[in-house]
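**Student:** mind looking at a prediction? Sequence and model below.
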Amino acid sequence: MSPGGFVWHGSSRDPSLHVRAGVGAWGAGSAWCLALMALLLLPPWQDGSRQRPMQKKTVSFSTMPNDRKINSAAACISFMLEGCELKKVRSNSRMYSRFFVLDTDMRSVRWEPSKKDSEKAKIEIKSVKEVRVGKKTPILRSNGLSDQFPDECAFSIIYGDNYESLDLVASSADVVSAWVMGLRYLLSYGKHTPEALGSGHPSLRTSWISSIFDLADLEKSGRIPVSHAVQLIKALNPGMKVSTIELKFKELQKASERPGAEVGCDLFVEAYCELCTRPEIFFLLVQFSSNKEYLGLKDLLTFLEVEQGMEGVTEEKCLEIVSKYEPSKEGREKGYLAIDGFTRYLLSSDCSIFDPQHRQVCQDMAQPLSHYYISSAHSACLLEDNFWGRSDISGYVSALGLGCRSIELVLWDGPDGEPVVYTSPSAASCVPFRSVVGLIDQHAFTASAYPLILCLVVRCSAAQQRLAAQCLRKTLGEKLYLQPPDPTASYLPSPEQLKGRILIKGKKLPPGCEDSEGEVSDEEEGRELARRLGQEDREAAEGGIPRRVRLSRELSELVSLCQAVPFQDFESSRRGQRYWEMCSFSEVEAGRFANECPAELVSYNKRFLSRVYPSPMRIDASNMNPQDFWKCGCQMVAMNYQTPGLMMDLNAGWFRQNGACGYVLRPAIMREEVSYFSANAKDSLPGVPAQLLHLKVISGQNLPKPKGSGAKGEVVEPYVCAEIHGIPADCAEHRTKTALQSGDNPVFDESLEFQINLPELAVLRFVVLDDDYIGDEFIAQYTIPFECLQPGYRHVPLQSLSGEPLPHAPLFVHVAITDRRGGGKGHRRGLAGRRGRRVAAPPRHPLCTRGHHRPPRGGQGAPPGAGGAPGPPGARIYLHQSHRHQGHRRGLPDGHSAPAGGHRPAGECAERAGLLQGAVRPDARRQHEAVHPDGGCVAAAQ
């Protein structure tokens, strides 16, 4: 929603294109087109920049008493005239409830009951010197009161020649904001307040909305059809439902006893203000406004420095923002940013939670290839599951378009003498290898200029291998990287050096082989595939002898920097593996190493590339958790791009942080030879300062209904889960309360806090779920690396399960990041580790050269990676819990929802929504269990 003006989140730089599309139904020459086009006087939109935060100002956004709409100074004055209960604080630190009210002549504030004479239990407005928000007086800061109420619920009226203070505490920050704005307005206009509030002195907003109405009123009759008024507000707020607007006009017409097919200007202005004013943004404006219903240049400068963390802001910069976002001509001329312009600004890309610096390549790309995480796809040709799924060439287009830089190609003998690509002979269809190579040549560098790695798993005959090699040379030409490795070097070339080149990963014939073909050991992934298809020789399998395959010289000569070799053990790799050689690990094997000898796996990955591929048991194409292997430095974690869900969200969000180029520089602690890092650390890391993330989830806008929830009607009762994914010490989850009967725009107003011990590897995921009896349905999600967060008030652009943007449906949040030991805005300690049942550690793997990884001392029942013995990555321990996120329908008193900020292991909310399996199909939501090779029962699916 974009109150007060047009807000577009698309790539078009010309807003008029969207208006033409939005009003086409009204007729090209209609008055409505003219009225809307008159709004397009604003300059093009630009991206903002991120600076460091300064001090903090907090605002709460709980609802007003009786759900009263407070959206203007007049509404604040009206609220004060009706009066409300406030707590009056005395010098002895005692608080007394009193009813405070503004006199009808607007010249004094009274309270009752009082032992004083009625003429003394009041403060005249003309005697007020200042209105302070927060605990800004000695009485409010006294030790006896400082912890009894939040800072944002307190305010003080300084009055009289002796600067006495009337210290008050309200039930919510909204009540404080109403009184503060009303008092400041009274101080500004004094005895002329009634005239200023009258029609003779319309506000900037009223004048602007009235001008839109006048432009639409071609007949100059002072009235327009209701249907046109609805469409006009809909055009100004694309995310708002037509039914909501129509209902508002019916309510206002009924209340004013003026039903009919037309509406006047006053009713149109009233409807717009009630529909398009977001109270949380209005009260935020009030917090920084000096005395009016808008932000002056100095007010805006203060907001940008104090809340948005921008440095070096000038009034000229503020004037640019006003000129860009303020819809009223008068406001732009005077340098005023009213509520609609302020809302537009907060909804713009300038205030996105994602740091715009990270939308371009912003990391050092001149380091060795092994120092980067590389976006990798497994079975990209599949559109469904791994065994029976259809193969289609569009899967490669999609993966490459998302910045994928490593693609697997499984080559089989084709029926016409030409090799084909699919995952198994049982697949529903196959793709000609020649077509795949042609598509790769066309799309390899459309999303990223950095090197693309083709991982060849060869299952075809030597004759068809030669055809495949000829096809690669002829089609890819100069893009193929064929230079032999430099034996004098110690590390791989950098992504910058390999820009625009395509590398082939595969087996290579041994030196000295002069024949046109020869035998090589089958690659680990090929053996897994053969084992799954029952093609592996039984005697070789029982004797542990690697399967041998025939390899043509032509195909062997295409392999240079990514030569596949079998992994023996870490000590052998340290002694004899060359930097251009790399190993592939199955999910289970890599999980054992990550669990039992994580430090050795990290050390191995400092110099060599490693690829982790999904377990062949994932026949439904579900995904493993990439964080389980990223934390050990594994560069290439192959994902099933065709399967949406939690794990794919993590992968997609992670690789956004460097311009979505498919390469992300690993943390320094994983690159430096002298550093020691254990991925299973349960506390802060030496030399890495822990940080606290203070996250306030304020509200949501235009949240869609969950898919398939038609029988539930229009009621959506959402809650938000905030999850941190990273090293085990960081993994945690909080959830907000359920917003009951909230409509499309719920208010959560929940403060959450996380301790982040390795910020470079942490990912924050928002997931919005619909609280329901049977199962909490998925609504939306957004995943962002911790390093990409912008501080201040930000909008989170929510996405669907498949990662598609949801237009006009953001979350509104406040972000603050502080040092755990006292730097920045807050000094509070982060969260404790998550809890669950204790799981026994699996036996030591024979290939680990160090002693068994001793389980750290976790609390009782700490699940893998969170305070107890870490379990193998990719395996999920299902806790048998009978409780649910309880709401008012489930026995909690007084209609309250579940405890705010409920702390759960990361991913549990998503698991309850059926997302951990990652598949859209209902049968894929079941908890598939498999027997772990060590005998334990673990989850084979996500």
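**Tutor:** Done, it's in.

**Student:** contacts, neighbours, all on C-alpha from now
**Tutor:** OK.

**Student:** can you tell me the element residue 224 falls in?
**Tutor:** Using DSSP states H and E, residue 224 sits within strand 223-225.

**Student:** and the longest strand anywhere in the chain, average pLDDT?
**Tutor:** What stands out as the longest strand in the chain, according to DSSP state E, is strand 805-819. What strand 805-819 shows for mean pLDDT is 94.

**Student:** pull the residues that contact it.
**Tutor:** 1-2, 9, 238-239, 689-704, 789-800, 824-827 (CA atoms under 8 Å, 6 or more residues apart in numbering).

**Student:** repeat the analysis, applying 7 Å as the threshold.
**Tutor:** For strand 805-819, the surrounding residues in contact (CA atoms under 7 Å, 6 or more residues apart in numbering) are 1, 239, 690-703, 791-800, 824-826.

**Student:** keeping just the C-alphas, turn stretch 256-267 into CSV.
**Tutor:** Written as CSV, here are the backbone C-alpha positions of stretch 256-267 (Å, rounded to 0.1, in the frame of the first residue of the first chain):
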residue,chain,number,x,y,z
SER,A,256,-23.5,11.1,8.0
GLU,A,257,-27.0,10.1,6.9
ARG,A,258,-26.1,11.0,3.3
PRO,A,259,-26.5,7.7,1.4
GLY,A,260,-26.4,7.9,-2.3
ALA,A,261,-24.5,7.1,-5.5
GLU,A,262,-22.3,10.2,-5.2
VAL,A,263,-19.9,11.5,-2.6
GLY,A,264,-18.7,15.0,-1.8
CYS,A,265,-15.2,16.3,-1.2
ASP,A,266,-15.4,16.3,2.6
LEU,A,267,-16.5,12.6,2.7
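
**Student:** from residue 470, how far off is residue 418?
**Tutor:** As judged by CA to CA, to the nearest Å, residue 418 and residue 470 stand 11 Å apart.

**Student:** actually residue 82, not the one I typed
**Tutor:** Residue 82 is 85 Å from residue 470, by CA to CA.

**Student:** could you do residue 380 as well?
**Tutor:** For residue 380, the distance to residue 470 equals 23 Å [CA to CA].

**Student:** how about residue 653?
**Tutor:** Distance, residue 653 to residue 470, by CA to CA: 37 Å.

**Student:** and residue 810, by the same measure?
**Tutor:** In this view, residue 810 and residue 470 are 50 Å apart by CA to CA.

**Student:** of those two, who's got more company?
**Tutor:** Remark: of residue 810 and residue 470, residue 810 carries more neighbours, 26 against 13, as counted by other CA atoms under 10 Å.

**Student:** residue 695: what secondary structure?
**Tutor:** With DSSP: H, G, I helix; E, B strand; the rest coil as the basis, residue 695 sits in strand.

**Student:** quickly run through the sheet partners of the helix or strand where residue 769 lies, with directions.
**Tutor:** Using DSSP H and E, residue 769 maps to strand 763-770. Strand 763-770 pairs in its sheet with strand 718-725 (antiparallel), strand 777-785 (antiparallel), by DSSP bridges.

**Student:** check which residues of the first one are buried.
**Tutor:** Taking 16 or more other CA atoms under 10 Å as the neighbour-count basis, strand 718-725 is seen to contain the buried residues 718-725.

**Student:** angle of that strand against strand 805-819?
**Tutor:** If you take axes from the mean of the first three to the mean of the last three CA atoms, to 10 degrees, strand 718-725 sits at 50 degrees to strand 805-819.

**Student:** C-terminal to strand 718-725, what's the next element?
**Tutor:** Downstream of strand 718-725, the first helix or strand assigned by DSSP H and E is strand 732-735.

**Student:** can you check the longest one too?
**Tutor:** Under the assignment DSSP H and E, the closest C-terminal helix or strand after strand 777-785 is strand 792-799.

**Student:** mean confidence score for that following strand?
**Tutor:** Over the span of strand 792-799, the pLDDT mean works out to 96.

**Student:** report all helices and strands that that strand contacts.
**Tutor:** strand 777-785, strand 805-819 (3 or more CA pairs under 7 Å, 6 or more residues apart in numbering; DSSP states H and E).

**Student:** the inter-axis angle of that strand versus strand 763-770?
**Tutor:** Strand 792-799 and strand 763-770 meet at an angle of 70 degrees, taking the same axes, to 10 degrees as the criterion.

**Student:** who's in contact with strand 792-799?
**Tutor:** The contact list for strand 792-799 (CA under 7 Å, 6+ apart) reads 307-309, 346-347, 351-353, 780-782, 805-806, 809-816.

**Student:** need phi/psi at the residue nearest to residue 89 when sequence neighbours are not counted.
**Tutor:** Nearest residue to residue 89, sequence neighbours excluded (CA to CA, 6 or more residues apart in numbering): residue 95, at 4.5 Å. Main-chain dihedrals, residue 95, degrees, to the nearest 10: phi -120, psi 140.

**Student:** same question for residue 123.
**Tutor:** Main-chain dihedrals, residue 123, degrees, to the nearest 10: phi -130, psi 130.

**Student:** what's near enough to touch it?
**Tutor:** With CA under 7 Å, 6+ apart, residue 123 has these contacts: 108-110.

**Student:** what strands line up against the longest strand of the chain, and which way round?
**Tutor:** Strand 805-819 has these strand partners (DSSP bridges): strand 691-700 (antiparallel), strand 792-799 (antiparallel).

**Student:** can you put these in JSON lines and add distance to residue 731 and mean neighbour count?
**Tutor:** Converted to JSON lines, these look like this (distance: least, CA to CA, whole Å; neighbours: other CA atoms under 10 Å):
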{"stretch": "strand 691-700", "distance to residue 731": "13", "mean neighbour count": "23"}
{"stretch": "strand 792-799", "distance to residue 731": "21", "mean neighbour count": "23"}
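
**Student:** okay, those strands in CSV with distance to residue 340 next?
**Tutor:** Formatted as CSV, those follow (distance: least, CA to CA, whole Å):
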stretch, distance to residue 340
strand 691-700, 17
strand 792-799, 16
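
**Student:** out of the ones you listed, nearest to residue 410?
**Tutor:** Among the strands paired with strand 805-819, strand 792-799 comes nearest to residue 410, with 32.2 Å by CA to CA.
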